[in-house]
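**Q** Have a look at this fold, sequence not included:
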């Protein structure tokens, strides 16, 4: 049963690699504190404004399943809370400054996580 955790881990890994490749091809930063040079709205960004964080959360959730302890579910929960409170506001503020109305329109049609 615990091997079911491999599914979200694999999903998260593929999602993170795919997203990283898109950032590189677009020539913009993947680092949360840096100013983006391009607004990416294709690939996994069509369904999530933060697919890398989604992928990381999926990996942590899969690990929690593999370990088989309710306590290990704390890791993905803490990760999501930190992203929501610290990193996502920073990134979304930078995107708003850089791309104004085009980011606003994107934000209106695409959810933060899923």
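**A** Nice, I can see it. From a predicted model like this one, the values you see are computed outputs, not experimental measurements.
**Q** Now find how far off-centre the helix or strand containing residue 100 is within its chain.
**A** In this structure, residue 100 sits in helix 88-109 according to DSSP states H and E. In this view, helix 88-109 has its centroid 15 Å away from the chain centroid, taken as CA atoms, centre = their mean, to the nearest Å.
**Q** For it, give the mean pLDDT please.
**A** The predicted model gives helix 88-109 an average pLDDT of 97.
**Q** ranges for the helices of this structure?
**A** Remark: helices assigned in the chain by DSSP state H are 6-26, 51-67, 74-82, 88-109.
**Q** which of the residues in the first one are buried?
**A** I take that to be helix 6-26. Under the neighbour-count criterion of 16 or more other CB atoms under 10 Å, helix 6-26 has 8-9, 11-12, 15-16, 19, 22-23, 26 buried. From N, CA and C alone the C-beta is placed, and that goes for glycine too.
**Q** List the contacts of it.
**A** 29-30, 38, 40, 42-45, 51-52, 54-63, 65-66 (CB atoms under 8 Å, 6 or more residues apart in numbering).
**Q** quick one, what contacts the closest residue to residue 114 other than its chain neighbours?
**A** Leaving aside its sequence neighbours, residue 114 sits nearest to residue 48 (CB to CB, 6 or more residues apart in numbering; 5.8 Å). Contacts of residue 48 were listed using CB under 8 Å, 6+ apart, and they are 54, 110-114.
**Q** List buried residues within the residues you listed.
**A** residue 54.
**Q** tell me the two of the contacts of residue 48 that are most distant?
**A** Using CB to CB, the pair of the contacts of residue 48 lying farthest apart is 54 and 110, separated by 11.9 Å.
**Q** re earlier: may I see the contacts of residue 48 arranged in JSON lines, with distance to residue 2 as well?
**A** Formatted as JSON lines, those follow (distance: CB to CB, whole Å):
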{"residue": "54", "distance to residue 2": "22"}
{"residue": "110", "distance to residue 2": "33"}
{"residue": "111", "distance to residue 2": "30"}
{"residue": "112", "distance to residue 2": "29"}
{"residue": "113", "distance to residue 2": "25"}
{"residue": "114", "distance to residue 2": "24"}
